[in-house]
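# Fold the following and give me the result.
(chains A and B)
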Number of protein chains: 2
Amino acid sequence: MQNFTYCNPTKLIFGRDAHKAIGSEIASFAGGGKVLIVYGGGSAVRTGTLAAVAQSCRDAGLTVLEKGGVEPNPKVELVREVIEIARREAVDVLLAVGGGSVIDTAKAAAMGYFYDGDVWDFFCGRAQPKKALPVCCVLTIPAAGSEQSIRTVITNGNVKNGAGNACVRPKVSAVNPELFFTLPENQIAAGVIDMMSHIMERYFTNTPDVDYTSAQAESALRVIMRNGLKLIDNHKDYAAWCEIGLAGSFAHNGYFGLGHEEDWACHGIEHALSGWDTRITHGAGLAVVTPSWMRYVHHTNPARFMRFAVEVMQVTPIEGDEEATIELAIAKFCAFLQRMHLPVRLGELVDRVVPVEEIAAAATARGPLGNFQKLTARDVQAILESAR
Amino acid sequence: MQNFTYCNPTKLIFGRDAHKAIGSEIASFAGGGKVLIVYGGGSAVRTGTLAAVAQSCRDAGLTVLEKGGVEPNPKVELVREVIEIARREAVDVLLAVGGGSVIDTAKAAAMGYFYDGDVWDFFCGRAQPKKALPVCCVLTIPAAGSEQSIRTVITNGNVKNGAGNACVRPKVSAVNPELFFTLPENQIAAGVIDMMSHIMERYFTNTPDVDYTSAQAESALRVIMRNGLKLIDNHKDYAAWCEIGLAGSFAHNGYFGLGHEEDWACHGIEHALSGWDTRITHGAGLAVVTPSWMRYVHHTNPARFMRFAVEVMQVTPIEGDEEATIELAIAKFCAFLQRMHLPVRLGELVDRVVPVEEIAAAATARGPLGNFQKLTARDVQAILESAR
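Presented below is the predicted three-dimensional model:
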C-alpha cells in the first residue's frame, strides 16, 4: 500500500424528499445569500424537481437565479456563461440540479469564478484553481459520481478534458432515489457502467497489498450489477435505486482508490470517443471500450484479473488455465453489459465508421494513457480495432 | 433503506511517517497556536513517538504542552484535568497520541472545554455539546476507530458511558502502521475484534434493502479476519497492518451504518463488564460477549444470520437446515477468535466470579439494549450466563 491523504467533507443527504432539504442546508452556511441553480434540459422542469428545489431555497431565505441548457458532454461555452452570470449577480453558491454534466458545469464555473484567465486553462494544465465558489448538488441521474468527487469533465470543440481539485468537491449533495424513476433505460444502463468504471479504474492497479480497498471494490461491483439488473426489469424499484444511488455516490469519491495507483485508461479512451461524436453517451462508450481494454491488458497482471474473475464475476477458476478463466470472466462481464442492453461493439455505439487512428491520437495527445498498462496511440488503436 | 445524512470531514493521513506530518497539518488551521498533546503511559514515550510528534508540532511553529497518564477505560477525573489545563493555558488544539482511550479522553475534554457544567453531563444525557476544541490524532493502536468517529467512551467509577457529537469528530488523524509493530499480541487481537464489532453492530440490522452497506461490511470483515491472523504470526507485517489500520479507521466512522438501524447491544454489555472490572480489555470482553449474543438473538432474523454465515464466515449452507448453518457460522467465528488467542468464555476473561445479574442491571440501567433484538436485564443475564 502507498502512503495517502484523504478527506471527503461532502455532506450527503440521502433518501425520499432529500432534494427538499437542500435550501436549509445551503442557508446554514450562506444564509440570506444568492444561489444560482444550474440545470440541463426539460426533464428537471417537467418533473417538477427544479421548482421544488428553487422553492426549498426560497423557503430558506435564499435568493434564487436559474440558468438552464447544460447538454450531455457539457461545453466550455456554457461554463463561461455561468461564470459571467455568477460574477454579474454576485452569486454565493452554485447549485447543480441534474446529473454529471450539470454538476461538472457548476464545478468548472465555480473554479473559473475566481480566476482572471479563461476557465479552459484548468482543463489543459495551464492553471490550477486556488479557490472556488461553493458547489451543492441535487442529483437526478446516478452515474458520474460527481456529487462527491473532486473531478469535472468539460468539452471544448472535439476535446474533452478533465480537471480536479479539492476546492470543487461539493459541499452538500442531495440524493433522492425517487428522482431516478423517470430515467429512460439507456440512461439507467449508462449510469450503471459509469459507476462500475469509476470503481474498476481504481481496482485495476499493480500496487501490491491493497486487500481492503480491493475487497470493498469487489463487493460494490457485485451490488451494482445485481441491482442494475433489477432496474432494467423495474425502473421504479426504490430499493434497487437506493443501492445504485449510494454505490454511485461513493464510487468516485476516492475511497476505492486509497493507497494505490489508479488506471483511468478506459475513461481516457472514451473521452476521446465522445469528444469526437458528442452524441455518444459516456456510459455507452465505456461499455464498448472496457471489455476490449480488458482483453488487451490482462497479461500485464494476471493475478489481478484472476481476483476480478473470482471475486467480481464469480467465475469458478478453470484449473491450471488462468487465461481461460480470465477470458470467461470478461465474457461474463460482456454478457452482463448486454443484459443491461448496452452496446459492446463500436458498430452498436454509433452509426458511422469510427476513425480509430484519429481517436487513438486524440486519447494520447497528452501522453500515454493509464497506469495498469501504459498505452500508446498504437495500443489504443488496437483496443478500438478489436472493439469494431 | 432509511433516509440518512452523512458527513465525515476527518482528514486521514496514512502510511509511513504519517505522524511526522501532523504538525504542519495542525499549523494549516491553527498556525502559531498552542497544542496540548494528550497521551497514555510509557509506550508513546519509550518508542519515541511522542517526541517525534512534539517535534513535528514545534517545527511547524506550534507551542507544545503535554499531559500523560491516560489509562485503558479512561477516567472522567483525567478528562477534568485536561479541561483545566486547556483552559488555564488557552490551548487551541488537543492532539491525542495513543489509542482509543487517549483519543476519547481528548474528545471528552474538547467537549467540556466550552461547557460550564461538569463534563460527565454529556455522558449521562444531561447535556449536549454545542462546540468543541479541534481534536487531532496520532494513532498508536488500531482498534477503537475513534480517530474518525464522533464517539467517546469514558468511565466514571463503575459506570462506562458513551457520548457522541459531530463536533468532536477529529479534524486530522495520522495513521502510520509502523507504529503498531510494538503492540503485544493481546492488544493486536483485542483491536481486531473491536473493529469487527464496530462493523457487526451496524451489520446486524432488521432494516430491509441495505445490500450496499451489507456487502461492504462483509468484505471488510473478511479482510480484517485474514489480516488479523497474519499479524498473530508476524507482529511486524507492514502490509497486514495497513489493511487493519485502514479497516479499523473506517469501521467506526458511520459508513457501514448508512441508511439503517444499528444494534450496539454487545458494546453495551461489554461496557458494563469492563466498567465493573476495569482490568478487562474492551476487545477481550467483546470476544466473550459477541458469540453468546449471536446464539441468543439469531432467531430474531435468521435471514440476516444466514447472510452472515455465507458471506462473512463463508460457510456452505447445510441444505434445509438454517439453524445448523447459523450455528456452524457462530462456531467458525469462535474458532477464529480462539486462533487470535482471545477469550470466548467469562472464565477466560477474568479471574473472579462475574456477578452477571449485577452486570445485566448495569448494562440496562438506561433502558433495554440494542435494536436487532431489544434486550432486557433478563436477556443480558441469560447471554452472560451462557458465556460462563
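# I'd guess A:Gly347 is in a helix, am I close?
Yes: checked against DSSP: H, G, I helix; E, B strand; the rest coil, A:Gly347 lies within a helix.
# Identify the residues contacting the spatially closest residue to it that is not a sequence neighbour.
Nearest residue to A:Gly347 in three dimensions, chain neighbours excluded: A:Arg388, at 6.4 Å (C-beta to C-beta, 6 or more residues apart in numbering or on different chains). (Each C-beta comes from the backbone N, C-alpha and C, glycine too.) By C-beta atoms under 8 Å, 6 or more residues apart in numbering or on different chains, A:Arg388 lies in contact with A:Arg345, A:Leu346, A:Gly347, A:Val354, A:Val356.
# Would you mind finding the longest helix in chain A?
helix A:211-233 (DSSP state H).
# How about the residues of the stretch 151-300 of chain A by chain B?
Contact residues, the stretch 151-300 of chain A versus chain B (C-beta under 8 Å from any C-beta of the partner chain): A:208-209, A:211-213, A:215-216, A:218-220, A:222-223, A:226-227, A:239, A:242-243, A:246-247, A:258-259.
# So if we follow the domain assignment, how does chain A break up?
A:11-179, A:185-385 (automatic domain parsing).
# now the longest one: mean pLDDT?
Right, domain A:185-385. Computed over domain A:185-385, the mean pLDDT rounds to 97.
# and what of stretch A:94-109?
Rounded mean pLDDT across stretch A:94-109 is 98.
# Isn't A:Gly98 up against A:Ala143?
No: contact criterion C-beta atoms under 8 Å: A:Gly98 and A:Ala143 do not qualify, at 10.8 Å.
# Need the three-state assignment for the residue nearest to the spatial centre of chain A.
Nearest to the geometric centre of chain A sits A:Ala144, at 2.3 Å (C-alpha atoms, centre = their mean). Per three-state DSSP, the local secondary structure of A:Ala144 is coil.
# Let me see the contact set for the closest residue to it other than its chain neighbours.
Residue nearest to A:Ala144 in three dimensions, not counting chain neighbours: A:Gly100, with 2.5 Å by C-beta to C-beta, 6+ apart. Counting by C-beta under 8 Å, 6+ apart, A:Gly100 touches A:Ile141, A:Ala143, A:Ala144, A:Gly145, A:Ser146, A:Val153, A:Asp194, A:His282.
# Relative to A:Pro74, how far out is A:Gly100?
Distance of A:Gly100 to A:Pro74, computed by C-beta to C-beta, to the nearest Å: 9 Å.
# again with A:Ala377
For A:Ala377, the distance to A:Pro74 - C-beta to C-beta - is 26 Å.
# picking up where we left off before, quick one: which of the contacts of A:Gly100 is nearest chain B?
Using C-beta to the nearest C-beta, the shortest approach to chain B within these belongs to A:Gly145, at 13.8 Å.
# Quick check: neighbours of the lengthiest strand in chain A in the sheet, parallel or antiparallel?
Identified as the longest strand of chain A according to DSSP state E is strand A:4-14. Strand pairing for strand A:4-14, using DSSP bridges, gives strand A:172-175 (parallel), strand B:4-14 (antiparallel).
# Show me the contact partners of the longest one.
In this structure, residues lying in contact with strand B:4-14 by C-beta under 8 Å, 6+ apart are A:3-15, A:258-259, B:21-22, B:25, B:147-148, B:166, B:169-176, B:245-246, B:249, B:253-255, B:258-259.
# Need the CA coordinates for it. CSV is fine.
Below are the C-alpha coordinates for strand B:4-14, written out as CSV (Å, rounded to 0.1, in the frame of the first residue of the first chain):
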residue,chain,number,x,y,z
PHE,B,4,-29.9,9.5,6.2
THR,B,5,-27.4,12.4,6.4
TYR,B,6,-23.7,11.7,6.4
CYS,B,7,-20.7,13.9,6.6
ASN,B,8,-17.2,12.8,7.6
PRO,B,9,-14.7,15.6,7.2
THR,B,10,-11.8,13.9,9.1
LYS,B,11,-8.6,14.3,7.1
LEU,B,12,-6.8,10.9,7.2
ILE,B,13,-3.0,10.9,6.7
PHE,B,14,-2.0,7.3,6.2
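# A:Leu179: what secondary structure?
Following three-state DSSP, we place A:Leu179 in the helix state.
# contacting residues for A:Glu147?
A:Glu147 neighbours (C-beta under 8 Å, 6+ apart): A:Thr10, A:Leu12, A:Ile103, A:Cys137, A:Leu139, A:Pro170, A:Ser173, A:Val175, A:Ser249.
# And the furthest pair within those?
Pairwise distances across the contacts of A:Glu147 (C-beta to C-beta) peak at 13.7 Å, for the pair A:Leu12 and A:Ile103.
# and the two? which has more neighbours close in?
More crowded of A:Leu12 and A:Ile103, by other C-beta atoms under 10 Å in any protein chain shown: A:Ile103, with 34 against 26.
# Pull out the buried members of the contacts of A:Arg388.
Among the contacts of A:Arg388, those classed as buried by 16 or more other C-beta atoms under 10 Å in any protein chain shown are A:Leu346, A:Val354, A:Val356.
# Just want to know which of A:Ala377 and A:Pro74 has more residues nearby.
Using other C-beta under 10 Å as the criterion, A:Ala377 and A:Pro74 rank with A:Pro74 on top: 27 against 18.
# Next, that one: phi, psi?
Main-chain dihedrals, A:Pro74, degrees, to the nearest 10: phi -60, psi 140.
# do A:Phe122 as well
Dihedral angles (degrees, to the nearest 10) for A:Phe122: phi -70, psi -20.
# One more: A:Ile22?
phi -70, psi -40.
# Check the one 10 residues further on too.
Its backbone dihedrals place A:Gly32 at phi 80, psi 0, with angles given as degrees, to the nearest 10.
# what's the burial count for it?
10.
# contacting residues around it?
A:Gly61, A:Leu62 are the contacts of A:Gly32 under C-beta under 8 Å, 6+ apart.
# Distance check, A:His260 against A:Trp293.
18 Å.
# So which residues of the stretch 1-150 of chain A form strands?
Secondary structure of the stretch 1-150 of chain A (DSSP state E, counting those that start in this stretch): strands at A:4-14, A:34-39, A:63-67, A:93-98, A:135-139.
# Just tell me which of these ends up closest to B:Ala287.
So among these, strand A:4-14 is nearest, using C-beta to C-beta, at 30.2 Å.
# before we move on, the earlier item: give the full set of residues in contact with the residue nearest to the centre of chain A.
A:Gly99, A:Gly100, A:Ser101, A:Ile103, A:Asp104, A:Asp194, A:His252, A:His282.
# bridging residues for the nearest residue to the fifth one once chain neighbours are set aside?
To tie it back to what came earlier, the one meant is A:Asp104. Closest residue in space to A:Asp104, ignoring its immediate chain neighbours: A:Thr152 at 4.1 Å, by C-beta to C-beta, 6+ apart. A:Thr152 has these beta-bridge partners by DSSP bridges: A:Ala163.
# Tell me which residues touch A:Thr152, please.
A:Ile103, A:Asp104, A:Thr105, A:Lys107, A:Ala108, A:Met111, A:Ser146, A:Gly162, A:Ala163, A:Gly164, A:Val168 are the contacts of A:Thr152 under C-beta under 8 Å, 6+ apart.
# Only whichever of those residues are buried, select them in ChimeraX.
Burial among these is assessed by 16+ other C-beta under 10 Å; the matching ChimeraX selection reads:
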select /A:103,104,105,107,108,111,146,163,164,168
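# Now for the contacts of A:Thr152: which two are most distant?
It's A:Thr105 and A:Gly164 that sit farthest apart of the contacts of A:Thr152, by C-beta to C-beta, at 15.1 Å.
# Tell me, how many residues neighbour A:Cys334?
There are 19 residues near A:Cys334, going by other C-beta under 10 Å.
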